[in-house]
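>>> Sequence and predicted structure are below.
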Amino acid sequence: MIAEAPAASRLWMCGAGVADWIYRYAAGIDTLPDDPGFHTILLHPDFDRRLGSLDFSYKSVYGTIHSAWTISGDLVAWNLTIPPNARGELPVSADQIGSFKLIGRPLAQSARIHSLRQADGNVWYEVPAGTYAFTVTLR
């Protein structure tokens, strides 16, 4: 018969699940199935009013990926850093396209990012390496 591990030694699994949720969902830093390792970063933060704000960094092999956001009323200030030799892909649903702005301008008018494709009701934007200050209006 195998002895069961003490409860304290099983707690790491709970922490791992929380950490996974924070970076993949709340911070919106995720990998793409066909490009693992954060070379291409899937950006899909969940701007949850209950959290109010979030500041998260992940040290990838390409450098530090940083996603920090703060909600004030119906406006989100989202600061994002994509490290050198990496890029992000940001899917924005058709009903949210007017809500996302970069330096006060709609994404379609930005010289820094561009539309890659339309799929599954989303416009996918390429976000090259760099630091960005997005604003998002919540609905």
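All right, it came through fine. Numbers count the residues shown, from 1 in each chain.

>>> make it CA atoms for all contacts and neighbour counts henceforth
Will do.

>>> residue contacts, the residue nearest in space to the middle of the chain?
Against the mean C-alpha coordinate of the chain, by C-alpha atoms, centre = their mean, the closest residue is residue 28 at 2.4 Å. Contacts for residue 28 (C-alpha atoms under 8 Å, 6 or more residues apart in numbering) come out as 22, 42-46, 67.

>>> Looking at those, point me to the pair that's furthest apart.
Maximum pairwise distance among these (C-alpha to C-alpha): 14.2 Å, between 22 and 42.

>>> more neighbours, the two?
residue 42 (22 against 18; other C-alpha atoms under 10 Å).

>>> Partner strands of the helix or strand where the more buried one lies, with direction?
Using DSSP states H and E, residue 42 maps to strand 40-43. Strand 40-43 sits in its sheet next to strand 29-31 (antiparallel), strand 75-93 (parallel), going by DSSP bridges.

>>> any idea how far it is from the chain center?
Centre-to-centre, strand 40-43 and its host chain are 7 Å apart (C-alpha atoms, centre = their mean, to the nearest Å).

>>> Ok, stretch 81-94 next?
8 Å.

>>> weakest of the strands paired with strand 40-43 in terms of mean pLDDT?
Among the strands paired with strand 40-43, strand 29-31 carries the lowest mean pLDDT, at a mean of 85.
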